[in-house]
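# what's the 3D shape of this:
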Amino acid sequence: MALPYRKNEAKEWAKKNIKGVWIATNTPFTPDFQVDWEGCRHNIRYVIDNLQIKGNFHAGMVGETFHQTIAERKRHLQIAVEESKGQMLTLSAPHCETPLVTLELVKYAEELGAELTGPMNPRFYQGTMTEEGVFQYYKWIADQVNIAIFPLNQLEHGYLMSPQLICRLANEIPNFVGIKNIAPLDHTRMVRSLCGDKIIVSDADEENWLINLTAHGQEAYISSALSFLLQSKKLKLINEYTALAEKGDFAKALEVYKRLEPIRSALVRVTPPGKRQATHKYWGQQLGMAGGDGRVRPPYQQLTEAEKAAIRNAVQSSGLL
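Predicted structure coming up:
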């Protein structure tokens, strides 16, 4: 399918179209640890129909992408693009430790018609990370595709891309359009200062979204499970404070933002150590999403019945239902 922009127009397209609250989707599993395909389709429809989400950072770390086969990841992305087209933008997560597989997944996203792709900063084995190596990795990918590239910058691989490296990528790669930055606030602010006029720079923390939107010019919140965990068909406080801030009503936006604090605290309180993915899926299930009873593939740990009961009680008392 054709992309909605030419390669040399990707940055301009991104600045115009990447706005508002985005989501990071999860992956529900059946009792025998297979992917629940109908559940995946249901979840995309759920966030479009009930939460009016602007975009989907699809099946990245929240979606347990490293615990899935390449065939599973492709099918999941196909479902997301089918259900989202014309209603919600799709940013594919082609994270893989094998560069050729990453490229294969990037090309597949482009063929399907996903609007963006977001390979995370690559992992280095038995050697020290070099910024020239990271630059050449992204250039090698970008040279072979037209799709807009919007990477995830994160510490799971032992380092962060520096603000200066991100600025070089933004200046030298025409279809490098943004960065999801899981980094300290001063790092994100430096990236914005150096190249925020060229690319979208998104802090990944919902608690920072209001201040980033109003004070730092962040165009979009890209993204986390919190976009569906802290919102429901009944109560959409993130959407509400976002809309108020975009209209310039900062005082009311702050009031709504503060109303979320008890829900944020409840979610933290019932998340057992090492069981974030399972908790998120089971919490979302209480709100109407497919969560596979919180099931996760090994080596992640399953929730106990007592932990599930605590999550159910927290959701019931949250005001989301």
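
# What lies in contact with stretch 188-207?
With C-beta atoms under 8 Å, 6 or more residues apart in numbering as the test, stretch 188-207 has contacts from 11, 14-15, 18, 150, 163-164, 166-167, 170-171, 176-183, 185, 209, 212, 216-224, 226-227, 230, 238, 264. C-betas here are computed from N, CA, C, even on glycine.

# in that stretch, what's buried?
Within stretch 188-207, the residues scored as buried using 16 or more other C-beta atoms under 10 Å are 188-192, 194-196, 198-204, 206.

# returning to what we had before: generate a PyMOL selection restricted to the buried subset of the contacts of stretch 188-207.
Entered in PyMOL, the line below selects the buried ones among the contacts of stretch 188-207, by 16+ other C-beta under 10 Å:
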select buried, resi 11+14+15+18+150+163+166+167+170+176+177+178+179+180+181+182+183+209+212+216+218+219+220+221+222+223+224+226+227+230+238
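
# quick one: low-confidence ranges for this protein?
Filtered on pLDDT under 70, the chain yields no residues whatsoever.

# how about the helices in it?
With DSSP state H as the criterion, the chain has helices at 10-17, 37-51, 70-84, 99-112, 131-142, 163-172, 185-195, 206-215, 226-229, 237-246, 250-259, 261-269, 276-287, 305-316.

# Nearest to P28, out of those?
Nearest to P28, of all the helices of the chain, is helix 37-51, at 3.9 Å by C-beta to C-beta.

# who's in contact with the nearest residue to N146 once chain neighbours are set aside?
Nearest non-adjacent residue to N146, counting by C-beta to C-beta, 6 or more residues apart in numbering: K7, 4.4 Å away. By C-beta under 8 Å, 6+ apart, K7 lies in contact with 146, 174-175.

# Can you flag the buried ones in those residues?
Of the contacts of K7, these count as buried by 16+ other C-beta under 10 Å: 174-175.

# Please verify my assumption that G178 contacts I18.
Yes: between G178 and I18 there is a contact at 6.7 Å, judged by C-beta atoms under 8 Å.

# Next, show the common contact partners of the two.
Counting by C-beta under 8 Å, 6+ apart, the residues touching both G178 and I18 are 200, 222.

# I'd like the contacts of K7 as a markdown table, with distance to T271 appended.
Putting the contacts of K7 into a markdown table (distance: C-beta to C-beta, whole Å) gives the following:
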| residue | distance to T271 |
| --- | --- |
| N146 | 40 |
| P174 | 41 |
| N175 | 37 |
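
# Between the contacts of K7, which sits nearest C40?
N146 (26.7 Å).
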